[in-house]
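>>> Sharing a model prediction with you, sequence too.
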Number of protein chains: 2
Amino acid sequence: MNDEREQRILDAAETLVLHYGYDKTTISDIAQVAKVAKGTVYLHWKSKEDLFEALFWREIWKYTDDMLTRLQALPVEEWSFISMYEQAMFALSGSALMQAMMRDDTRVLGNFMHKRGDKFLKMKQPMRIELLALMQKAGAIRQDVDIEAANHLISAMSYGMLNMHVIVQPEEAPTLENLIPTMSQMLQRWLVPEDGGNREAARQIIMQMIAAFKTQYQGKEMDDGHSNT
Amino acid sequence: MNDEREQRILDAAETLVLHYGYDKTTISDIAQVAKVAKGTVYLHWKSKEDLFEALFWREIWKYTDDMLTRLQALPVEEWSFISMYEQAMFALSGSALMQAMMRDDTRVLGNFMHKRGDKFLKMKQPMRIELLALMQKAGAIRQDVDIEAANHLISAMSYGMLNMHVIVQPEEAPTLENLIPTMSQMLQRWLVPEDGGNREAARQIIMQMIAAFKTQYQGKEMDDGHSNT
DNA sequence: TTATGACCATATATTCGTTTTTGGTCATAT
DNA sequence: ATATGACCAAAAACGAATATATGGTCATAA
């Protein structure tokens, strides 16, 4: 099967869904932008939903890959919950589609959420709270921080950062990327002990997390997004 | 004019609008709950919109009064940007209607926002950024904090806190009130210099702000919410 | 063998006439 | 003098008929 064409069709779908939303993006539109016949699209996926599910999974892997790449580009000595979260936000700031997914943007996602939305709910599962608890136990995060509430506050802030265009006038809304440095400063001051805490432990936790994820990653790469071939 | 009856009608309107939203709340419903005839409602206000505008202004004054009362119940030595913001959140946590307004809850506000929404936009105007700048200049807030970005992050977090039922499963969503202590801790660690900064200056700024607001408050109390009499 | 696009069934949108509801009015009862 | 609720015009909702658009199919061209 022609992988280049498949990516081209997915690229076209991405462009269109960001502009028109899922409900208003037709297979016909996608075929036109991708310069293939409409029937050709069905050589790759059995249905419109399958196509978009593939698109969203593709984006999730790209985002995750980007995040890991960014993190691993840092010196190991700089690894911490803060730097990890920071790099995740930088990766997120580079993907409009991922942002739309993260904020459940009904304008973009439309009816897809009703049909296949449950498949993506897990993405937002609070693995973070387990990570925070591990970090606190290991001494990388202050002992006097209520981990559950902190997790909620971080979620609240992320959600707000993803919706700045709603919170302030759209013309005045800061980009996600512009807020990241101050966000990192805030997390650092708030969560990290004054002496820096147990950085070595933090690094070990992150390393294990990355290793575990890579194991999972290798097993999953071939399964999602290809309904027929 | 019968003030007790007016308040009773406003109470009825508040109960109904929180449950059914502006669009589905009829004057007939309100009259029934308030135990008056429908025509009686028009003795107080010329139109449905006027009634709801009065209701929203009433709520704003109640919220503001509550916030000031809470703040002034603190020892003056405890006054700071943090404590002020904290008390504002406590006041907010006690008002479902105020929360709906702050998060532009379309389920509650419906068409009212199209008709009179611009009147309430000013409420959310960033007086906070001026206050933060004043506090930083006076030494009550760290010098290395980007005030503009900080303002946006605080807005983002507030917005997220007001929308926790969207961010996590509604059954698991924490109440606004439960998040306040951790939020205060975060703000304290992030913004306040380690030696506490210039607390006296912070107090003076807040005192002036309260005095200025009380002056304005006295002048406005009789004007808003009474379209006829 | 594979890409194509006309075709089809169904979903969605539009139109129109009818019915119901609602905000607001005011003659009347109290 | 004031509260009431029947009434009215207009808005909103409803349902049926009609028109259009879309996802998916497959005979055919390449």
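Perfect, thanks for sending it.
>>> Roughly how far does residue A:127 sit from residue A:216?
Noted for residue A:127: a distance of 12 Å to residue A:216, by CB to CB, to the nearest Å. In short, each C-beta sits where N, CA and C put it, glycine included.
>>> Just to check, residue A:37 is in contact with residue A:31?
Yes. Counting by CB atoms under 8 Å, residue A:31 is a contact partner of residue A:37 at 6.2 Å.
>>> which of those two has more neighbours?
Set residue A:37 next to residue A:31 and count neighbours by other CB atoms under 10 Å in any protein chain shown: residue A:31 wins out with 18 against 12.
>>> In contact with the more buried one: list those residues for me.
Taking CB atoms under 8 Å, 6 or more residues apart in numbering or on different chains, we find residue A:31 in contact with A:9, A:12, A:37, A:38, A:40, A:41.
>>> Mind telling me what element the last one is part of?
Secondary-structure assignment from DSSP states H and E places residue A:41 in helix A:38-44.
>>> any idea which of the contacts of residue A:31 is closest to DNA strand D?
DNA strand D has its nearest neighbour among the contacts of residue A:31 in residue A:38, at 5.3 Å by CB to the nearest atom of the strand.
>>> And the buried ones among the contacts of residue A:31, selectable in ChimeraX?
Burial among the contacts of residue A:31 is assessed by 16 or more other CB atoms under 10 Å in any protein chain shown; the matching ChimeraX selection reads:
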select /A:9,12,41
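>>> Between which two of the contacts of residue A:31 is the distance greatest?
Farthest-apart pair in the contacts of residue A:31 is A:12 and A:37; separation 13.2 Å (CB to CB).
>>> Now the element after the longest helix along chain A, going C-ward?
The single longest helix within chain A, with elements called by DSSP state H, is helix A:48-73. As assigned by DSSP H and E, the chain's next helix or strand after helix A:48-73 is helix A:81-93.
>>> packing partners for that next one?
helix A:48-73, helix A:96-102, helix A:127-137, helix A:147-162, helix A:176-191, helix A:199-220 (3 or more CB pairs under 8 Å, 6 or more residues apart in numbering or on different chains; DSSP states H and E).
>>> Wondering if the first one reaches DNA strand C at all.
Read that as helix A:48-73. No. Judged by CB under 7 Å from any atom of the strand, helix A:48-73 makes no contact with DNA strand C; its nearest approach is 11.1 Å.
>>> Of all the residues in that helix, which ones are buried?
Under the neighbour-count criterion of 16+ other CB under 10 Å, helix A:48-73 has A:48, A:50-60, A:63-64, A:66-68, A:70-71 buried.
>>> so which of the residues you listed also contact DNA strand D?
residue A:48.
>>> I figured residue A:54 hits residue A:9, correct?
No. Contact criterion CB under 8 Å: residue A:54 and residue A:9 do not qualify, at 9.4 Å.
>>> Residue ranges of each domain in chain A, please.
As assigned by automatic domain parsing, chain A contains the domains A:1-44, A:56-220.
>>> In terms of mean pLDDT, which of the ones you listed ranks lowest?
Note on the domains of chain A: domain A:56-220 shows the lowest mean pLDDT, a mean of 90.
>>> And it, how far out from the chain middle?
8 Å (CA atoms, centre = their mean, to the nearest Å).
>>> buried sites along stretch A:162-175?
Applying 16+ other CB under 10 Å to stretch A:162-175 flags A:162, A:163, A:164, A:167, A:168, A:174 as buried.
>>> check contacts around the last one.
The one in question is residue A:174. A:164, B:148, B:149, B:152.
>>> Using CSV, lay out those together with distance to residue B:179.
Below are the contacts of residue A:174 laid out as CSV (distance: CB to CB, whole Å):
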residue, distance to residue B:179
A:164, 20
B:148, 24
B:149, 21
B:152, 19
